[in-house]
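Novice: Turn this into a model:
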Amino acid sequence: MIYITGDIHREQDIHKINPREFEAGNYLTPDDYVIICGDFGCIWDGGSGDRFWLNWLESLPWNTLFIDGNHENFDVLSTYPIVDYKGGKARQIRSNIFHLMRGEVYDIDGHTFFTFGGAYSHDIMYRTEHVNWWKDELPTKAEVNNALCNLEKHHWKVDYVLSHDVYTCHPLAKKYEVSLSPYGPDYVDIHSFLDTINRKLEYKVWFCGHYHGDYIHYDQKKPCITLFNHVVLLEELDTYLPLLEHIK
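Specialist: Here you go, the predicted model:
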C-alpha cells in the first residue's frame, strides 16, 4: 500500500503519520510506503534533533519516502549517499527512509512516479542563507536537464507526479509574490518548469504540498491534489476526493 501526504515539518506536523493518530500505520508492513510531498524537515540541524526523528521514523514498519520542499537543510541533505532505488536515483537516509530526488522516475509497488521537489520560500526576507534558507530550494539547470532526459526515456508517460510546488497555471502559484533575483543564473523558475511538465506529460494524478491545505484543481481534466492534513491511500483515492476543497 502507498499513502501520500503533504508537509510534516519535523515535530510541527509529524503527528499526522504517528500511528497514534494515523490508525492505518498500525497495520502497515515493510512492503508499504508513506510518501511526503516536501518539507520533510527531519534533516535540518545535522545533529541530535535529526537523529531523534530519524531514529523514530526508522523504527516504524513502513518505508518513509520524501521529496524535498523549501524547508530542508540542503547542506546536510547533500551529505547522504546516492543509491539506485526503484529504477531511479535516491538518497538513502536510513534503512527504510529515502529522499526521492528531482527529475527521477521510480517504480513503486507497480506504479510509476515522476518526482520533482523544491519550492519558493515566500518568507525569504526573514531567513539567513545556510542557516534556515538555501538557494537549492529551487532547481538547477542540471536538475531540469536530468528530468527531461528521464522523461524522454519513459516516453513522457507516468502514473503519478510528486512535487512540492505547483505549475504556473495553477491558482496557488499566484498566492505569493516570488522572484528569481535572490538565486542566481544557475537556478530555474520552478513554476515555469513544472508548467512545461504539466503540458507535455501524460499522467493520472499530480500530488503536491507546500500550501498548507487540502485542495483539488483540474487542468484540462487532469487533477492536481494538494495535501496537508490528510494522509491518503493511493489505492482508495476516490474516497478522499469529497474531503478536498475545489479551487479554480
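
Novice: okay, CA-based contacts and neighbour counts for the rest of this
Specialist: OK.

Novice: residue closest to the middle of the chain?
Specialist: The geometric centre of the chain, computed from its C-alpha atoms, lies nearest to residue 37 (CA atoms, centre = their mean), at 2.8 Å.

Novice: Please name the bridge partners of that one.
Specialist: residue 67 (DSSP bridges).

Novice: measure residue 109 to residue 63 for me?
Specialist: 12 Å (CA to CA, to the nearest Å).

Novice: Ignore what I typed, I meant residue 142.
Specialist: 28 Å.

Novice: More neighbours: which of those two?
Specialist: residue 63 (22 against 13; other CA atoms under 10 Å).

Novice: So the more buried one versus residue 33, what's the distance?
Specialist: Shown here: residue 63 relative to residue 33, a distance of 5 Å by CA to CA.

Novice: Which residues are in contact with the residue nearest to residue 92 when sequence neighbours are not counted?
Specialist: Distances taken as CA to CA, 6 or more residues apart in numbering place residue 98 nearest to residue 92, at 4.7 Å, with adjacent residues excluded. Taking CA atoms under 8 Å, 6 or more residues apart in numbering, we find residue 98 in contact with 63, 64, 65, 66, 90, 91, 92.

Novice: switch to 10 Å and redo it
Specialist: When contacts are counted by CA atoms under 10 Å, 6 or more residues apart in numbering, residue 98 touches 35, 63-67, 80, 82-83, 85, 89-92.

Novice: ok, of those residues, which one's closest to residue 184?
Specialist: Of all the contacts of residue 98, residue 184 sits closest to residue 67, with 22.9 Å by CA to CA.

Novice: And the helices in the protein?
Specialist: With DSSP state H as the criterion, the chain has helices at 48-59, 74-77, 141-153, 190-200.

Novice: contacting residues around the first one?
Specialist: Contacts made with helix 48-59 from outside it, assessed by CA under 10 Å, 6+ apart, are listed as 10-11, 14, 17-18, 41-45, 63-64, 93-97.

Novice: ditto for the shortest one
Specialist: With contact meaning CA under 10 Å, 6+ apart, helix 74-77 is reached by 42-47, 68, 91-93, 99, 130-137.

Novice: Using neighbour counts, trim the residues you listed to the buried set.
Specialist: 42-45, 68, 91-93, 99, 132-137 (16 or more other CA atoms under 10 Å).

Novice: sorry, back to before: and for residue 63 and residue 33, which residues touch both?
Specialist: 2, 96, 97.

Novice: Looking at those, which are in strands?
Specialist: Among the shared contacts of residue 63 and residue 33, the residues falling in strands (DSSP state E) are 2, 97.

Novice: May I see the shared contacts of residue 63 and residue 33 organised as TSV, with neighbour count added?
Specialist: Converted to TSV, those look like this (neighbours: other CA atoms under 10 Å):
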residue	neighbour count
2	20
96	18
97	21
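
Novice: would you turn the shared contacts of residue 63 and residue 33 into CSV with pLDDT and distance to residue 196?
Specialist: Shown next, in CSV, are the shared contacts of residue 63 and residue 33 (pLDDT from 0 to 100; distance: CA to CA, whole Å):
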residue, pLDDT, distance to residue 196
2, 98, 27
96, 98, 33
97, 98, 30
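
Novice: Out of the shared contacts of residue 63 and residue 33, the closest to residue 117 would be?
Specialist: Closest approach to residue 117 among the shared contacts of residue 63 and residue 33 (CA to CA): residue 97, at 16.2 Å.

Novice: Run through the strands of the chain in chain order.
Specialist: 2-5, 33-37, 63-67, 82-85, 88-94, 97-100, 104-108, 111-116, 160-163, 205-208, 215-219, 222-226, 232-233, 245-246.

Novice: How far off centre is the fourth one?
Specialist: Taking CA atoms, centre = their mean, to the nearest Å, one finds strand 82-85 lying 17 Å from the centre of the chain it belongs to.
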